[in-house]
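Q: coords please:
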Amino acid sequence: MRIIFILTLLLSISSCETIRSGQVIRTDHIIDAENDVRLHIREITPTDSKHHTPLVMIHGGGPGATASFDLPIKGSSFAQNLVDKGFKVYLVNIRGWERSTLPQYDFSDSLTIIGSHLEASQDIYATVKWILDKENIGKVHLFGWATGGHWAGYYSTKYPETVQTFISLNSLYGVNAPWGLRQYFQSDDDSTQFNKTSFFRESPQKSLTRSWTRTIPIDNKENWRDTRVEKAYSVNASSFGEDTTVMKVPGGYREESFYMSLGKKYWDAKDIEVPALIMRTELDFWSRPEDLKAIEKDMLHAPRSRFITIPGTHYVFLDKTDKGKRKLIEEMIIFMER
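A: Reported below is the predicted structural model:
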């Protein structure tokens, strides 16, 4: 039985101005969703659009959509790389990320999960509904990175009629397998229980690229990643709160990820009934090879599917083009244009 969300989807009068740069037009929108949530969406349009189905891009549990996919460094914007191929792209920030707001929570209830897959799905629904109405179309391509793939997967099982293709990169899935990050989230008393110390994730700006740096397999990191991109990623990610030296985002994704790593399924790939491209990078520290295998085993009803491991780090779309980014873009374009 589908969950029905009652939404007021109006383009707010406080939407930011449109910026035209070369062959690309960027427009920031604020839309109203349920529970008084306001969502920040960035629309990036090629001036010579080939009229492809729009692509909606969902960030992961760390930095939000613009920090992840649209950094203002020439050649570094993953979104613009796709726009340059003729696609219109929409970047959505789930509630609590960047300029998207949070509803009121009862913080006296320790069971509260801020930024759950249910909330994220509501926000994706609001975004997609707004886009479908705005563009007068029936479906969108849906891309999710890391936790964004988890959220987009759940959404795709609930609203397949709105999804042209589902694309996931470096996402966990509900299968019990080793996970290198589990030790940081488990209870000292019971390794099968999440150690909930906060409702939010708060990370100093300087710490945001440590895992990225650690997984680059060469000594000279500048040969793999532009240092300007590394800096811009950290600065942008932490620029939306009161303390601009710290990134503060909802922490619920960590709790769900912990339990997924132990085998809990928040969504089942058996319920995916849309074309699906599931990718993982060779050097990823978040997802596991077992996730890719489990999704492939479970995905029985997708009309077409592809499961592939490609070169690159967890942040492959921010690395230099020859370090896996080119392959990522090629796979996505081929799959969406088919």
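Q: and stretch 81-99, how far apart are its ends?
A: For stretch 81-99, the first and last residues are 23 Å from each other (Cα to Cα, to the nearest Å).
Q: buried set for that stretch?
A: By 16 or more other Cβ atoms under 10 Å, the buried positions in stretch 81-99 come out as 81-83, 85, 87-99. (C-beta placed from N, C-alpha, C; glycine too.)
Q: any idea how far Asn195 is from the residue lying farthest from the centre of the chain?
A: Residue farthest from the centre of the chain, counting by Cα atoms, centre = their mean, is Asp189 at 32.2 Å. Distance, Asp189 to Asn195, by Cβ to Cβ, to the nearest Å: 9 Å.
Q: cool, Tyr253 as well?
A: 15 Å.
Q: wait, isn't Arg99 in contact with Asn236?
A: No: between Arg99 and Asn236 there is no contact under Cβ atoms under 8 Å: 12.0 Å.
Q: which residues do these two both contact?
A: Counting by Cβ atoms under 8 Å, 6 or more residues apart in numbering, Arg99 and Asn236 have no contacts in common.
Q: List of residues touching stretch 327-338?
A: 52-53, 55, 81-82, 85, 87, 141, 143, 164-165, 167, 169, 275, 277, 279, 304, 306, 308, 310-312, 316-317.
Q: Inside helices: which ones of those residues?
A: Asn81, Leu82 (DSSP state H).
Q: Which element, helix or strand, includes Arg201?
A: strand 200-204 (DSSP states H and E).
Q: Just checking, which helix or strand succeeds that strand along the chain?
A: helix 210-215.
Q: in that next one, what's buried?
A: Buried-residue list, helix 210-215, by 16+ other Cβ under 10 Å: Ser211, Trp212, Thr215.
Q: In contact with the residue most central in space within the chain, which residues?
A: Per Cα atoms, centre = their mean, the C-alpha nearest to the average position across the chain is that of His59, at 2.4 Å. Counting by Cβ under 8 Å, 6+ apart, His59 touches Ala65, Ala67, Ser68, Phe69, Leu91, Asn93, Ile94, Trp97, Trp145, Gly148.
Q: Name the nearest residue to the last one, sequence neighbours excluded.
A: To tie it back to what came earlier, the one meant is Gly148. Nearest residue to Gly148, sequence neighbours excluded (Cβ to Cβ, 6 or more residues apart in numbering): Ile58, at 3.5 Å.
Q: That neighbour pairs with what?
A: Val92, Gly144 (DSSP bridges).
Q: Next, count neighbours for it.
A: A total of 30 residues lie near Ile58 under the criterion other Cβ atoms under 10 Å.
Q: go on, Ser110?
A: Quick note: Ser110 (other Cβ under 10 Å) scores 8 neighbours.
Q: what separates it from Gln122, distance-wise?
A: With Cβ to Cβ as the criterion, Ser110 and Gln122 are 22 Å apart.
Q: Over to Trp212?
A: Taking Cβ to Cβ, one finds Trp212 at 30 Å from Gln122.
Q: Alpha carbons of the helix or strand encompassing Leu132, as PDB, please.
A: Using DSSP H and E, Leu132 sits within helix 117-135. Extracted as PDB, the C-alpha positions of helix 117-135 are listed here (Å, rounded to 0.1, in the frame of the first residue of the first chain):
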ATOM      1  CA  HIS A 117      14.700   7.100   4.700                       C
ATOM      2  CA  LEU A 118      11.000   7.800   5.300                       C
ATOM      3  CA  GLU A 119      11.600  11.600   5.600                       C
ATOM      4  CA  ALA A 120      14.100  11.600   2.700                       C
ATOM      5  CA  SER A 121      11.500   9.800   0.500                       C
ATOM      6  CA  GLN A 122       8.900  12.500   1.400                       C
ATOM      7  CA  ASP A 123      11.400  15.100   0.300                       C
ATOM      8  CA  ILE A 124      12.200  13.300  -3.000                       C
ATOM      9  CA  TYR A 125       8.500  12.900  -3.600                       C
ATOM     10  CA  ALA A 126       7.900  16.600  -3.100                       C
ATOM     11  CA  THR A 127      10.800  17.500  -5.400                       C
ATOM     12  CA  VAL A 128       9.800  15.100  -8.100                       C
ATOM     13  CA  LYS A 129       6.100  16.100  -8.000                       C
ATOM     14  CA  TRP A 130       7.200  19.700  -8.300                       C
ATOM     15  CA  ILE A 131       9.400  18.900 -11.300                       C
ATOM     16  CA  LEU A 132       6.800  16.900 -13.000                       C
ATOM     17  CA  ASP A 133       4.300  19.700 -12.700                       C
ATOM     18  CA  LYS A 134       6.800  22.300 -13.700                       C
ATOM     19  CA  GLU A 135       8.100  20.400 -16.700                       C
END
